[in-house]
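> pasted the sequence and its predicted model underneath.
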Amino acid sequence: MANGHRIAVALITVANVGAASADTLVSLTPQTQRYANTRYGTVADFPIEFEVFVPPSDRNDGRRWFSDGTARISVSASNTYLALAQNFEGYTKWVFDNVPEEAGFRLTYKISGKGWLVYSGYQGDTVIYRKIVEACRAAHELRIEYPATVRAQYDGMVTRVAKSLTCKRGAR
């Protein structure tokens, strides 16, 4: 017990080009858990009711979770964005120019700043929120999907999770 809260740590072992590495999933409070990716240093905090539903990729570049079978969170990172543009500003332009090409996606919001971008919209009856930040020489991405019918229920959570997305090398 720490500060009256049970703290649990789950080491998620994954293969990374023949070498073992461990991502971490830590309970911060009874309501919040923190995911940390050891390859890129990606860190994000999200509600405890989200459970891992997809095994990690062989690239050890992120994880996906679901809640009640309808909402999904994906946290990942990559340094391949530099193959699409010379810098993050160019990558931001490329992303915004190509967002409408997603099948059936209706863009309703987009904004960017130095080293980050956000967009959201609807794909059918699903809200899609995407945030990408440049840090630790990689693009760290958060993608959250949930039914539009429960948007009021999820909007606050999306804001909290989005604020937590960062990079901390050696994060655990």
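Received it, and whenever you're ready, just let me know what you need.

> what's the span of stretch 95-114, first residue to last?
15 Å (Cα to Cα, to the nearest Å).

> give the next helix or strand downstream of the lengthiest helix in the chain.
Criterion DSSP state H: the longest helix present in the chain is helix 151-164. Counting by DSSP states H and E, the element after helix 151-164 in chain order, helix or strand, is strand 166-167.

> by contact count, what packs against that following strand?
strand 42-47, strand 126-135, strand 138-147 (3 or more Cβ pairs under 8 Å, 6 or more residues apart in numbering; DSSP states H and E). (Each C-beta comes from the backbone N, C-alpha and C, glycine too.)

> could you say which one of these comes nearest to residue 157?
Among those, the nearest to residue 157 by Cβ to Cβ is strand 42-47 (6.1 Å).

> between that closest one and strand 138-147, how many degrees?
20 degrees (axes from the mean of the first three to the mean of the last three Cα atoms, to 10 degrees).

> tell me what strand 42-47 is packed against?
Using 3+ Cβ pairs under 8 Å, 6+ apart: strand 42-47 touches strand 32-36, strand 62-67, strand 71-78, strand 138-147, helix 151-164, strand 166-167.

> ok, now which ones touch residue 160?
The neighbours of residue 160, taking Cβ atoms under 8 Å, 6 or more residues apart in numbering as the test, are residue 45.

> if we can go back for a sec, pipe the helices and strands packed on strand 166-167 into TSV and attach mean neighbour count per row.
Shown next, in TSV, are the helices and strands packed on strand 166-167 (neighbours: other Cβ atoms under 10 Å):
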stretch	mean neighbour count
strand 42-47	22
strand 126-135	21
strand 138-147	21
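
> can I get these in a markdown table with mean pLDDT and distance to residue 75?
Listed next are the helices and strands packed on strand 166-167 as a markdown table, based on pLDDT from 0 to 100; distance: least, Cβ to Cβ, whole Å:
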| stretch | mean pLDDT | distance to residue 75 |
| --- | --- | --- |
| strand 42-47 | 95 | 5 |
| strand 126-135 | 96 | 10 |
| strand 138-147 | 96 | 6 |
